[in-house]
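Colleague: Sequence and predicted model, in that order:
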Amino acid sequence: MRSALLRWYDREARDLPWRRTQDPYAIWISETMLQQTRVETVIPYYERFLSRFPTVETLADADADDLMEHWAGLGYYRRARNLQAAARCVVDEHGGALPDEIEGLLSLPGVGRYTAGAVASIAFDRPAPIVDGNVARVFARVFGIREELRSAPVQARLWEKAEALARGLRPGDLNQAVMELGATLCTPRAPECPRCPLARHCDAREAGDASALPVKAAKKPPKRVAAVAARLERNGKFLAVRRPPKGLLGGLWELPGGDLSPGETPEATASRSLHERVGLIAKVCEPLGSVEHVFTHRRLTLHVLRVKVGPERVRRQGYDAHRWLSEAALNALPLSKIARKAIALGR
DNA sequence: CAAGCGTGGGA
DNA sequence: TTCCCAAGCTT
């Protein structure tokens, strides 16, 4: 299997930006961005991020808003703050060099078993195993694993198989070859078995049920929620607020607002939440429409309103910064996709 | 161990 | 439209 994989990978590997470097820092950034995120989405973010923060020192010293500007739109924003926290740890406690073994890597915030194995094998040529979604799917098919994929025993078995695979020459390329296979041929639906270098070794191919594997329990549907965002204009400037670092969309800027309580109208929510969260009294609320947004665990309807307020000073509660900004300056902030949709609706 | 955490693309 | 999900980690 190893030689078949490596022959195929040497021939077919895609030319990806992080495959043109041996810099452990750059490889770590790429692996973090690639968590739950598609290659095509990551590429432009990776290029911009590495240009702006080319070394672990520049990342450790980055301004928080500058950092989030380079992550805005990529999702799972905790990853960005964990990267910076880890960069500071590398600078302060490892002399600026990324740990070159699993244990040291695992101790960094945001680095779990997968990322530690990826960096150790790809950047440092260690025989470290990795199991991601691709590896799990390929292995489930090749080894004919028909039990539910996320169960503890199946996970343990997948990691054992991965460990056996990585034990040999070119562990980083072997790990990447399995992921590459999962991403390009051994895809969730309609796998291209005739072109697969592992076809001769594959249990599911033999049994004819490759597209039925792996077996996964259904996920719970996202909960429907509703909220308001206020387009609050005063003297030609708009009020922007920054969410606290932890939790949903942490560290990103948006229009002030809040969640609808049961039975509450958007207008009432706007008045109440603006009073509670920025200390302003709404005098006029005019609905501008609504936008839909789906998170992993929430399906949000966001009602956008144009709101007029009195001359009171802003008193924040629950946000960790606020600014009155021109529309151009507002759009230059690190905004989530949903915030961009809300702002676009007001024009 | 389940839940929380984004976004966009394809079927 | 709706669903599934993509190089996971933390709590």
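Modeller: Done, it's in. Being a predicted model, the structure only gives us computed values, none of them experimental.
Colleague: Which residue would you name as the spatial centre of chain A?
Modeller: The centre of chain A sits closest to A:Tyr76, judged by CA atoms, centre = their mean, with a distance of 3.8 Å.
Colleague: Tell me how far the spatially closest residue to that residue that is not a sequence neighbour lies from A:Ala227.
Modeller: Spatial nearest neighbour of A:Tyr76, excluding adjacent residues (CB to CB, 6 or more residues apart in numbering): A:Gln36 at 6.5 Å. Where C-beta positions appear, they are placed from N, C-alpha and C, glycine not excepted. Between A:Gln36 and A:Ala227 the distance is 24 Å, computed by CB to CB, to the nearest Å.
Colleague: And A:Pro99, by the same measure?
Modeller: Using CB to CB, A:Pro99 is found at 41 Å from A:Ala227.
Colleague: the domain parsing of chain A - what is it?
Modeller: Taking automatic domain parsing as the criterion, chain A consists of the domains A:1-128, A:130-218, A:223-345.
Colleague: okay if I get these as CSV plus mean pLDDT?
Modeller: What follows is the domains of chain A, written out as CSV (pLDDT from 0 to 100):
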stretch, mean pLDDT
domain A:1-128, 97
domain A:130-218, 94
domain A:223-345, 94
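Colleague: Export these as CSV, with columns for distance to DNA strand C.
Modeller: Listed next are those as CSV, based on distance: least, CB to the nearest atom of the strand, whole Å:
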stretch, distance to DNA strand C
domain A:1-128, 3
domain A:130-218, 2
domain A:223-345, 6
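Colleague: Around DNA strand B, pick out the residues from chain A.
Modeller: Proximity of chain A to DNA strand B (CB under 7 Å from any atom of the strand) is limited to residues A:36-38, A:40-41, A:73-78, A:150, A:152, A:189, A:220, A:247-250, A:293-298, A:336-338.
Colleague: With just CA atoms, put the host helix or strand of A:Ala140 into CSV.
Modeller: According to DSSP states H and E, A:Ala140 maps onto helix A:133-142. The C-alpha trace of helix A:133-142 is given here as CSV (Å, rounded to 0.1, in the frame of the first residue of the first chain):
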residue,chain,number,x,y,z
GLY,A,133,-12.0,13.1,7.6
ASN,A,134,-10.3,12.0,4.4
VAL,A,135,-8.1,9.4,6.2
ALA,A,136,-11.1,8.0,8.1
ARG,A,137,-13.1,7.6,4.9
VAL,A,138,-10.3,6.0,2.9
PHE,A,139,-9.5,3.6,5.8
ALA,A,140,-13.1,2.7,6.4
ARG,A,141,-13.4,1.7,2.7
VAL,A,142,-10.0,0.0,2.4
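Colleague: Contacts for that helix, please.
Modeller: Contacts with helix A:133-142, where a contact means CB atoms under 8 Å, 6 or more residues apart in numbering, come from A:1, A:131, A:145-146, A:149, A:158, A:161-162, A:175, A:178-183, A:186, A:188, A:191, A:198, A:201-205, A:210, A:213-215.
Colleague: Could you pick out which of those residues are located in helices?
Modeller: Taking DSSP state H, the ones among the contacts of helix A:133-142 that sit in helices are A:158, A:161-162, A:175, A:178-183, A:203-205.
Colleague: quick one: which of those residues is most hemmed in?
Modeller: Highest neighbour count within the ones in helices among the contacts of helix A:133-142: A:Val178, with 28 neighbours (other CB atoms under 10 Å).
Colleague: In chain A, which residue sits closest to DNA strand B?
Modeller: Nearest residue of chain A to DNA strand B: A:Gly75, at 2.6 Å (CB to the nearest atom of the strand).
Colleague: For that residue, give me its contacts.
Modeller: For A:Gly75, the contact set (CB under 8 Å, 6+ apart) comprises A:Gln36, A:Thr37.
Colleague: helix, strand or coil for it?
Modeller: Of the three states, A:Gly75 takes coil under DSSP: H, G, I helix; E, B strand; the rest coil.
Colleague: any residues touching whichever strand or helix holds A:Tyr25, and which ones?
Modeller: Assigned by DSSP H and E, A:Tyr25 belongs to helix A:24-33. With contact meaning CB under 8 Å, 6+ apart, helix A:24-33 is reached by A:17-18, A:21, A:42, A:45-46, A:49-50, A:55-56, A:74, A:79, A:82-83, A:97-98, A:100, A:110-111, A:114-115, A:118-119, A:122-124.
Colleague: 6 Å instead, please
Modeller: Helix A:24-33 is contacted by residues A:18, A:42, A:45-46, A:50, A:56, A:79, A:83, A:98, A:115, A:118-119, A:122-123 when judged by CB atoms under 6 Å, 6 or more residues apart in numbering.
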